[in-house]
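Colleague: Structure for this input, please:
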Amino acid sequence: MRNDDMKLGVMLLSLGYHEGAWRHPSVPANGGVDLDYYANLATLAEEAAFHFVFLPDQPSIADKENETIARVGRNDGFEPITLLSALSSRTRDIGLVGTATTTYHQPYHLARMFASLDHLSHGRAAWNIVTSGSKFDAPNFGEMELPDHDMRYVRAREFVDVVKGLWDTWEDDAFVRDKQTGIFADTTKLHLLNHRGTYLSVRGPLNIARPPQGYPVLVQAGASEAGIAFAAETAEVVFTAEPSLENGKRYYATLKEKARALGRAGDEVLIMPGIIPIVGRTKDEAYEKLQKLQSYTHSDVKIGAADRLLGFVTDLRSINLDSLVPETLPQTNIIQSRQKVLLDLAARHKFTWRQLISLASDSRGHLMVVGTPDDIANTMMDTFDQRAADGFNVLPATFPGGLEDFVELVVPELRRRGKFRSRYSGQSLRENLGLKRPPNRNARARIGGRP
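Modeller: I've put the predicted structure just below:
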């Protein structure tokens with residue numbers, strides 16, 4: 001049974017979620033590599049009692065044409081775990097969600113890094129589990145092509161199981177650190193993993209104590225058929241892009257039902273779609289903000305964003321932009337769910353290519369609400385109350401202004417309506433999200449009579 005409080009996170013996508021954000025006069029163009037800039041954003045979110053900040057990641061430059069690369073503001077930013085480790089000392093309560101791919105990392109590395117982040121932050125770490133979704137990632141890791149979409153999820157399942165196994169190699173109280181006896185670790189509470197699987201071979205044990213949360217919170221963002229199945233098995237928080245309320249309700253019901261069929265309770269999986277709030281004290285002011293951002297976005301950037309989100313399956317630079325978008329396109333091996341969201345939008349609204357390209361630049365397929373604080377709060381409450389969301393991943397169009405607007409104008413409205421908290425109630429991210437701490441599988445075996 002879920003409570004009436006929305007869960008709120010904020011995505012710190014460098015300079016802002018809109019493709020034109022970096023050119024806005026209020027946005028520091030070098031913010032992507034400025035720790036103080038990120039610390040100020042995290043502090044702003046923490047003072048508003050957000051549940052977490054979330055850092056996306058892309059281990060490559062994901063655009064194809066130099067004309068696009070020259071004009072986007074996304075290719076100069078920190079690696080997430082490094083940045084979150086620094087932010088752990090500049091914050092106290094807010095959760096720290098970092099993205100890391102199972103396709104090109106090794107599980108021992110990631111298990112160790114996220115365990116370290118959980119210890120550094122005293123139990124505030126979360127791992128956003130992704131399978132690489134860019135064809136430009138593969139050549140950076142010695143491969144010619146991105147592995148097949150569904151195979152990436154098969155490997156991800158094994159990868160996550162290995163990482164959880166490594167976090168369980170030491171029982172919670174294994175490190176006794178007894179100076180009198182000279183015993184630092186109780187090795188009766190040490191368990192080798194000795195994993196031999198289809199894709200991975202990992203002996204263990206991990207050379208750091210079990211994370212304070214047991215496991216850092218497990219986050220996932222898949223919405224394809226394979227992604228939904230993976231989320232139902234593994235994820236505790238699910239990010240999704242869904243601008244349609246009816247589609248969002250179906251997604252919510254489907255994922256919760258799949259999780260229950262696997263023996264998980266519905267409240268063990270929190271669904272948090274993205275929302276881009278462009279806030280004005282009047283509707284006209286809000287639309288003026290959007291129009292200004294659109295004026296900063298060059299056509300090369302707009303076309304590049306749409307090309308990337310559709311999976312590089314058509315040549316948008318040679319197409320008739322005033323023709324209608326077809327109902328189907330060749331299936332991509334990249335982010336299949338985002339291509340589907342954009343094509344569904346185009347079909348529903350009978351978009352031309354020009355209109356779809358503009359929408360992709362503005363929202364990338366997420367729910368975008370342009371209006372007053374009341375408008376945005378109404379949309380959020382409606383989505384929450386109709387069981388299409390347990391909360392939201394807020395995607396401000398610009399930083400710091402977009403986040404400041406949301407905190408100053410929308411958060412008080414949500415609180416007035418009794419939908420969002422005013423302070424932190426737990427010590428860890430799990431506690432603040434209402435998620436249970438997972439028991440150690442090896443300790444359970446010991447209780448059953450075998451270590």
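Colleague: And the next helix or strand past the host helix or strand of residue 154?
Modeller: Under the criterion of DSSP states H and E, residue 154 resides in helix 149-167. Heading C-terminal from helix 149-167, the first helix or strand you meet, by DSSP H and E, is strand 195-196.
Colleague: what pLDDT, on average, does that following strand get?
Modeller: Mean per-residue pLDDT for strand 195-196: 98.
Colleague: Kindly spell out which helices and strands sit in contact with whatever helix or strand comes next after that strand.
Modeller: Later in the chain than strand 195-196, the nearest helix or strand by DSSP H and E is strand 201-202. With contacts defined as 3 or more CB pairs under 8 Å, 6 or more residues apart in numbering; DSSP states H and E, the packing partners of strand 201-202 are helix 149-167. Glycine gets a C-beta too; all of them are placed from N, C-alpha and C.
Colleague: Identify each buried residue in the helix it packs on, please.
Modeller: Buried positions in helix 149-167, judged by neighbour count with 16 or more other CB atoms under 10 Å: 149, 152-167.
Colleague: One more: stretch 167-183?
Modeller: For stretch 167-183, by 16+ other CB under 10 Å, it's 167, 168, 169, 170, 171, 172, 174, 175.
Colleague: ok now it, how far from the chain's centre?
Modeller: Stretch 167-183 sits 34 Å away from the centroid of its parent chain (CA atoms, centre = their mean, to the nearest Å).
Colleague: First-to-last residue distance for that stretch?
Modeller: 21 Å (CA to CA, to the nearest Å).
Colleague: what sits up against that stretch?
Modeller: Contacts with stretch 167-183, where a contact means CB atoms under 8 Å, 6 or more residues apart in numbering, come from 111, 115, 184-187, 189-193, 204-206, 209-211, 214-215, 440-443, 446.
Colleague: Narrow those residues to those that are buried.
Modeller: Looks like the contacts of stretch 167-183 have 111, 115, 189-191, 193, 204-206, 209-211, 214-215, 440, 442-443 buried, using 16+ other CB under 10 Å.
Colleague: Show me where the stretch 351-451 of the chain has its strands.
Modeller: 367-371, 391-394 (DSSP state E, counting those that start in this stretch).
Colleague: Quick one: closest of the ones you listed to residue 121.
Modeller: When those are compared by CB to CB, strand 391-394 sits nearest residue 121, at 19.4 Å.
Colleague: Pull up the pairing partners for that closest one, direction included.
Modeller: strand 7-11 (parallel), strand 270-279 (parallel) (DSSP bridges).
Colleague: Tell me the helix or strand right after the shortest one.
Modeller: Next in sequence after strand 7-11, counting helices and strands by DSSP H and E, comes helix 35-47.
Colleague: List the buried residues in that next one.
Modeller: 37, 38, 39, 40, 41, 42, 43, 44, 45, 46.
Colleague: so what's the last one up against?
Modeller: Taking CB under 8 Å, 6+ apart, we find residue 46 in contact with 91, 92, 93, 94.
Colleague: Try it again at 10 Å.
Modeller: Applying CB atoms under 10 Å, 6 or more residues apart in numbering to residue 46 gives the contacts 52, 53, 87, 90, 91, 92, 93, 94, 95, 424.
Colleague: Give me whichever of the strands of the stretch 351-451 of the chain is most buried.
Modeller: Highest mean neighbour count among these (mean count of other CB atoms under 10 Å): strand 391-394, with a mean of 25.
Colleague: How far off centre is that one?
Modeller: With CA atoms, centre = their mean as the basis, strand 391-394 stands 10 Å off its chain's centre.
Colleague: what about it, average pLDDT?
Modeller: 98.
Colleague: my guess is residue 344 contacts residue 244, does it?
Modeller: Yes. Taking contacts as CB atoms under 10 Å, residue 344 lies within contact range of residue 244: 7.3 Å.
Colleague: Quick check: the gap between residue 346 and residue 327.
Modeller: Distance of residue 346 to residue 327, given as CB to CB, to the nearest Å: 8 Å.
Colleague: neighbour-wise, which of those two wins?
Modeller: Counted by other CB atoms under 10 Å, residue 346 and residue 327 do not tie: residue 346 has more neighbours, with 21 against 9.
Colleague: From the contact counts, what lies against whichever strand or helix holds the more buried one?
Modeller: Residue 346 belongs to helix 336-349 when assigned by DSSP H and E. On a contact count with 3 or more CB pairs under 10 Å, 6 or more residues apart in numbering; DSSP states H and E, helix 336-349 meets helix 225-234, helix 245-261, helix 299-309, helix 353-363.
Colleague: and with 8 Å instead?
Modeller: Using 3+ CB pairs under 8 Å, 6+ apart, the elements in contact with helix 336-349 are helix 299-309, helix 353-363.
Colleague: In JSON lines: those, plus mean pLDDT, distance to residue 281 and mean neighbour count.
Modeller: JSON lines is the format used below for the helices and strands packed on helix 336-349 (pLDDT from 0 to 100; distance: least, CB to CB, whole Å; neighbours: other CB atoms under 10 Å):
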{"stretch": "helix 299-309", "mean pLDDT": "87", "distance to residue 281": "28", "mean neighbour count": "22"}
{"stretch": "helix 353-363", "mean pLDDT": "88", "distance to residue 281": "21", "mean neighbour count": "22"}
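Colleague: possible to save those as JSON lines with distance to residue 59?
Modeller: Compiled in JSON lines, the helices and strands packed on helix 336-349 are given as follows (distance: least, CB to CB, whole Å):
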{"stretch": "helix 299-309", "distance to residue 59": "15"}
{"stretch": "helix 353-363", "distance to residue 59": "22"}
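Colleague: Just the buried ones among the contacts of residue 46, please.
Modeller: For the contacts of residue 46, buried by 16+ other CB under 10 Å: 52, 53, 87, 91, 93, 94, 95, 424.
Colleague: Tell me the bridge partners for residue 178.
Modeller: Beta-bridge pairing for residue 178 (DSSP bridges): residue 183.
Colleague: Look up how far residue 208 lies from it.
Modeller: 19 Å.
Colleague: go on, residue 352?
Modeller: Applying CB to CB, the value for residue 352 to residue 208 is 54 Å.
Colleague: Run a quick neighbour tally on the closest residue to residue 62 other than its chain neighbours.
Modeller: Spatial nearest neighbour of residue 62, chain neighbours left out: residue 134 (4.5 Å); criterion: CB to CB, 6 or more residues apart in numbering. Burial of residue 134 is recorded as 20 neighbouring residues (other CB under 10 Å).
Colleague: Secondary structure class of residue 134, three-state.
Modeller: In three-state terms, and counting by DSSP: H, G, I helix; E, B strand; the rest coil, residue 134 is coil.
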